[in-house]
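S.K.: below are the sequence and a predicted model; questions follow.
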Amino acid sequence: MAISRAQLLKELLPGLNALFGLEYARYGEEHKEIYETEKSERSFEEETKLSGFSAAPVKNEGQALAYDNAQEAFTARYNHETIALGFSITEEAIEDNLYDSLSARYTKGLARAMAYTKQVKAASILNNAFNSQYVGGDGVSLLNSAHPLVSGGTNANTPSTPADLNETSLENAVIQIAAWTDERGLLIAARPKKLIVPPALMFVATRLLDTELRVGTNNNDINALKNNGSIPEGYTVNHFLTAPNAWFLTTDVPNGLKHFERVSLQNSMDGDFDTGNVRYKSRERYSFGWSDPLGIYGSY
């Protein structure tokens, strides 16, 4: 249905001081703090993790060298979604000089709706990170205590018992990340990069990462997390996380959380001959997901 004069009667009347409701601040691109963005030219994308080789054995004199086989560990798939929204203005509203004001105001509202949708979809990967119904290429949830390895072992990117964000849990996370191995059991020597928190934890994150001394103690000890540069990129707040006590750490493991952009945001308009209405449309196509789950650590 098109936007008509009856729906915006007040705008036709003299003495109207302001129209409001669409001028709220635009949503920032908070997904860029979490995801690596890449362009896509396909209907979907797949990324395959390779196992590599095991540690090299000692070759004794006169003996043949050992051979090893590399293999595929698992494949992650990204299915792009098309996101689109539009509105139209009636021919009569255009005739009564509502065209300029409506098109200016409602295109802003359209942009805001598209931006909101993108941030919700980006955050949904983390909001469902512990849900066993949402699995990745290795067959388990994004945050799991038993990511299977080709060698038969496992990696854990969440604590065995969920832990609130505090000094102890953050230090344990740094230690656990440092112990991760690759598919053949070789140490990765991974490190955290950035802490991702919901608004409810922003003040906790500030105290943990920005104070010089330890938090919540009478001891005059240094803040080891800050002194060691354990989380070099600090923290950022994501306003679209739904669990107030969930927290996440991005890591330096490559090919972790990814955002594939198939078609960037496009705006278009046209006129309908039969009705005389003018129609506006915004459209983009993208996908959010993860290839290597070791790109992130988290708890709740």
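M.R.: Yes, it's here. For clarity, every value in this text was computed on a predicted model and none was experimentally measured. Residues are numbered from 1 along each chain as shown.
S.K.: who are the neighbours in contact with the residue lying closest to residue 43 once chain neighbours are set aside?
M.R.: Nearest residue to residue 43 in three dimensions, chain neighbours excluded: residue 80, at 6.8 Å (C-beta to C-beta, 6 or more residues apart in numbering). Glycine gets a C-beta too; all of them are placed from N, C-alpha and C. With contacts defined as C-beta atoms under 8 Å, 6 or more residues apart in numbering, the neighbours of residue 80 are 40, 43, 44, 45, 260, 262, 285, 286, 287.
S.K.: strands - which of the residues you listed land there?
M.R.: In this view, the contacts of residue 80 that belong to strands under DSSP state E are 44, 45, 260, 262, 285, 286, 287.
S.K.: which residues of the stretch 51-200 of the chain fall in helices?
M.R.: 91-95, 99-127, 167-178 (DSSP state H, counting those that start in this stretch).
S.K.: mean neighbour count and mean pLDDT for these - can I get that in TSV?
M.R.: Formatted as TSV, these follow (neighbours: other C-beta atoms under 10 Å; pLDDT from 0 to 100):
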stretch	mean neighbour count	mean pLDDT
helix 91-95	17	74
helix 99-127	17	83
helix 167-178	17	98
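S.K.: residue 219: which of these is closest?
M.R.: helix 167-178 (11.8 Å; C-beta to C-beta).
S.K.: that closest one packs against which elements?
M.R.: With contacts taken as 3 or more C-beta pairs under 8 Å, 6 or more residues apart in numbering; DSSP states H and E, helix 167-178 sits against strand 192-197, helix 224-227, strand 247-251, strand 296-299.
S.K.: how does it look with 6 Å?
M.R.: The helices and strands touching helix 167-178, judged by 3 or more C-beta pairs under 6 Å, 6 or more residues apart in numbering; DSSP states H and E, number zero.
S.K.: between that helix and strand 247-251, how many degrees?
M.R.: Here helix 167-178 points in a direction 30 degrees away from that of strand 247-251 (axes from the mean of the first three to the mean of the last three C-alpha atoms, to 10 degrees).
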